[in-house]
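Chemist: sequence and predicted structure below; questions after.
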Amino acid sequence: MTAPTPARLAVIGAGAWGTALAQAASRARHPRQTTIWAHEGDVAQAINREHGNPLFLPGVVLPTELRATTDLAEAAKDATIVLLAVPAQHLREVTARLAPHLAAGATLVLCAKGIEVGTGKLMSEVLDETAPGVLVAVLSGPTFAAEVAAGKPTAVTLATADAAAGRTLVEALGSAALRPYLSDDVIGAQVGGAVKNVMAIACGIIEGRRLGDNARAALMTRGLAEIMRLGEALGGKRETLMGLSGLGDLALTCNSMQSRNMSLGVALGKGKSLAEALAGRRSIAEGVATAAAVRALAERQRVDMPIVNAVEAIVHHGADITRTIAAVLERPFKSEG
């Protein structure tokens, strides 16, 4: 009797994070079952011929069986699990193209961290419009791509409203190195992952200005309070935001120069313009676009987010950093909460 064909997994997006996820998925299942879609032809060629992605994830050797393609239909064909690792602001366009090629019953896992500019929609809301009716999950938490690709211990939140689908995803993606913790809070997992990027820019500015560890710790704590206020306003749970996809991700991103958002903030804090700070970067610092989206969303929800407002003013309106910091410090004293 012929054994059933194993379920296929597709990773959409071959940046650092998408490539790391493909590497991690290959550890949890046979690499032939995993396909990665790349926007750039040279990236797909490097993965297929050189078994690496020197443009976005240098120094990582990928399985020889892992295949890359620039054809969305080919990537999605027969895939029962699709990991969406394209930048947040490109998700709408890519998933609209992807949707007609999805296999019946496929689960889409959101792996990008952001909120859509212009609409203020969470990534799950974008999927509701571009791929209506699909089962959606969110993978988020404290993750640097290089460490995940290297097989270093990592824990993440895997959120979905469908418990059975969640267990299937854990079996498909989980390994000794990558430890998924199930949640049913799709909203909270997205809010924590998105807004922490804005807070990381703020912490980078603090570092660039040499304002000290006390200031960074205070900013992280008050930043978490802002994240929790927005998350609850949107229907997320406090316990989610105190977990891996909230506090955990915030702690990682605000304390390491591996963070694209923190390193961007450091450059701004040292006096570089946004254009100068972004020059030469291949990977996207999601917090730049997210700052504008979060500020608009918070205003609609009547949620007070002074740190987000300050970052948005600096990166999008050229606000003077010294005066902006002074304005935040001069806010009236209040009870903690």
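Modeler: Sure, I can see it. Numbering: from 1, shown residues only.
Chemist: for the stretch 1-150 of the chain, which segments count as strands?
Modeler: Using DSSP state E, counting those that start in this stretch, the strands of the stretch 1-150 of the chain run over residues 8-12, 34-37, 67-69, 79-84, 107-110, 135-140.
Chemist: quick one: the second one to chain centroid distance?
Modeler: The reference is to strand 34-37. 19 Å (CA atoms, centre = their mean, to the nearest Å).
Chemist: quick one: strands adjacent to it?
Modeler: Looking at strand 34-37 with DSSP bridges, its partner strands are strand 8-12 (parallel), strand 67-69 (parallel).
Chemist: most tightly surrounded among those?
Modeler: Mean neighbour count, computed with mean count of other CB atoms under 10 Å, is highest for strand 8-12 among the strands paired with strand 34-37, reaching a mean of 27. Where C-beta positions appear, they are placed from N, C-alpha and C, glycine not excepted.
Chemist: give me the angle between that strand and strand 79-84.
Modeler: Interaxial angle, strand 8-12 versus strand 79-84 (axes from the mean of the first three to the mean of the last three CA atoms, to 10 degrees): 20 degrees.
Chemist: and strand 8-12, how far out from the chain middle?
Modeler: So, by CA atoms, centre = their mean, the centroid of strand 8-12 is 17 Å from its chain's centroid.
Chemist: identify the residues contacting that strand?
Modeler: Under the contact criterion CB atoms under 8 Å, 6 or more residues apart in numbering, strand 8-12 has outside partners 18-19, 21-22, 25, 29, 33-37, 72, 75-86, 94, 98, 172.
Chemist: select only the buried ones of those in ChimeraX?
Modeler: Here is the ChimeraX command that selects the buried residues among the contacts of strand 8-12 (16 or more other CB atoms under 10 Å):
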select :18,19,21,22,25,29,33,34,35,36,37,72,75,76,79,80,81,82,83,84,85,86,94,98,172
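Chemist: on that earlier part again, out of the strands of the stretch 1-150 of the chain, which gets nearest to Glu147?
Modeler: strand 135-140 (15.3 Å; CB to CB).
Chemist: ok now that closest one, how far from the chain's centre?
Modeler: Centroid displacement of strand 135-140 relative to its chain, using CA atoms, centre = their mean, is 11 Å.
Chemist: direction included, what does it pair up with?
Modeler: Counting by DSSP bridges, strand 135-140 is paired with strand 107-110 (parallel), strand 154-160 (antiparallel).
Chemist: can I get those strands in CSV with mean neighbour count?
Modeler: Formatted as CSV, the strands paired with strand 135-140 follow (neighbours: other CB atoms under 10 Å):
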stretch, mean neighbour count
strand 107-110, 25
strand 154-160, 23
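Chemist: in CSV, list the ones you listed along with mean pLDDT.
Modeler: CSV is the format used below for the strands paired with strand 135-140 (pLDDT from 0 to 100):
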stretch, mean pLDDT
strand 107-110, 97
strand 154-160, 97
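Chemist: okay, domains of the chain per the record?
Modeler: With domains defined by automatic domain parsing, the chain comprises 8-184, 187-329.
Chemist: which stretch among the ones you listed comes nearest Ser335?
Modeler: When the domains of the chain are compared by CB to CB, domain 187-329 sits nearest Ser335, at 11.2 Å.
Chemist: and that closest one, how far apart are its ends?
Modeler: One end of domain 187-329 to the other measures 31 Å (CA to CA, to the nearest Å).
Chemist: what about it, distance to the chain center?
Modeler: Relative to the chain's own centre, domain 187-329 is displaced by 14 Å; criterion: CA atoms, centre = their mean.
Chemist: now stretch 32-50
Modeler: Its chain's C-alpha centre and that of stretch 32-50 lie 21 Å apart, by CA atoms, centre = their mean.
Chemist: quote the end-to-end distance of it.
Modeler: One end of stretch 32-50 sits 16 Å from the other (CA to CA).
Chemist: who's in contact with it?
Modeler: 6-14, 18-19, 22, 25-26, 52-56, 62, 65-72, 74-75, 79, 86.
Chemist: quick one, helices of the stretch 51-200 of the chain?
Modeler: Secondary structure of the stretch 51-200 of the chain by DSSP state H, counting those that start in this stretch: the helices cover 72-76, 91-98, 123-130, 145-149, 163-173, 186-208.
Chemist: which other helices and strands does the fourth one contact?
Modeler: If I follow you right, that is helix 145-149. If contacts are counted by 3 or more CB pairs under 8 Å, 6 or more residues apart in numbering; DSSP states H and E, helix 145-149 sits against helix 16-28.
Chemist: what's the lowest-mean-pLDDT helix or strand in the chain packed up against?
Modeler: In the chain, no helix or strand scores lower on mean pLDDT, DSSP states H and E than helix 321-329, which sits at a mean of 88. Applying 3+ CB pairs under 8 Å, 6+ apart, one finds that helix 321-329 contacts helix 306-317.
Chemist: relative to helix 186-208, how tilted is the helix it packs on?
Modeler: With the same axes, to 10 degrees applied, the angle from helix 306-317 to helix 186-208 works out at 70 degrees.
Chemist: next, the buried residues of helix 306-317.
Modeler: Under the neighbour-count criterion of 16+ other CB under 10 Å, helix 306-317 has 307-315 buried.
Chemist: that older thread, distance to Glu116 for the strands of the stretch 1-150 of the chain - can I get that in JSON lines?
Modeler: Below are these laid out as JSON lines (distance: least, CB to CB, whole Å):
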{"stretch": "strand 8-12", "distance to Glu116": "17"}
{"stretch": "strand 34-37", "distance to Glu116": "21"}
{"stretch": "strand 67-69", "distance to Glu116": "26"}
{"stretch": "strand 79-84", "distance to Glu116": "13"}
{"stretch": "strand 107-110", "distance to Glu116": "12"}
{"stretch": "strand 135-140", "distance to Glu116": "15"}
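Chemist: much appreciated, bye for now.
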